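**Q** fold the following, please.
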Amino acid sequence: MAFNPVPQAVSPDVLAEGRASGLMLFGASLLSYGRYLRGEDETLLQDTYLGCLTCGEFEFDSVFNEQGTYGVAYSRWSIRNSVGQYGGREAFYNLSACNPAAEVPPVISDHTGTIYGVLNVSHRQMTRAYGISWQNRYSLSTLRDWLTEVCVP
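**A** Alright, predicted model coming up:
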């Protein structure tokens with residue numbers, strides 16, 4: 001099986017953790033990534049909820065809430081964690097938004113599981129193969145600027 005780094009589906013189980021509206025972040029767990037690479041699963045599931053992208057900065061599950069689970073720098077589920085699997089900058093962090101060469105960065109999805117794109121510091125990765133349309137006050141360039149700031153050591 002050829003490796004296809006484009007995430008194919010958000011896990012229905014983890015969709016229930018997210019919000020009923022807005023755009024959310026989901027990442028592949030190391031377990032599902034490993035099963036996919038070994039050929040045990042045909043579909044690479046994004047099975048870890050990483051927070052809400054279109055929520056205000058004071059909402060508990062917002063990636064912009066620096067006191068919340070998904071926005072604080074030391075949470076294992078935060079892209080702000082520079083040594084975590086979703087925010088690490090080193091080459092071996094293949095699931096990270098902050099590694100421009102990540103094979104499977106987090107995806108941006110809505111509550112139905114529709115994938116709008118990937119969240120990654122690489123301009124090429126963020127815009128590949130997706131017609132991205134943003135809701136609320138977030139534009140692609142604003143989100144890219146924010147992510148670049150988050151990922152700077």
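
**Q** how about Leu30, what does it touch?
**A** 85, 95 (Cβ atoms under 8 Å, 6 or more residues apart in numbering). For glycine as for every other residue, the C-beta is placed from the backbone atoms N, C-alpha and C.

**Q** quick one: it from Arg89, how far?
**A** Shown here: Leu30 relative to Arg89, a distance of 17 Å by Cβ to Cβ, to the nearest Å.

**Q** show me the helices in the chain, by range?
**A** 12-15, 30-37, 123-127, 140-151 (DSSP state H).

**Q** and the pLDDT at the residue nearest to the spatial centre of the chain?
**A** The residue lying closest to the centre of the chain (Cα atoms, centre = their mean) is Pro106, at 2.3 Å. pLDDT for Pro106: 88.

**Q** now it: closest residue in space, sequence neighbours ignored.
**A** Among residues not flanking Pro106 along the chain, Gly27 sits closest, at 4.2 Å (Cβ to Cβ, 6 or more residues apart in numbering).

**Q** quick one, strands of the chain?
**A** Ranges of strands in the chain, per DSSP state E, are 9-10, 24-27, 45-46, 48-52, 107-109, 115-118.
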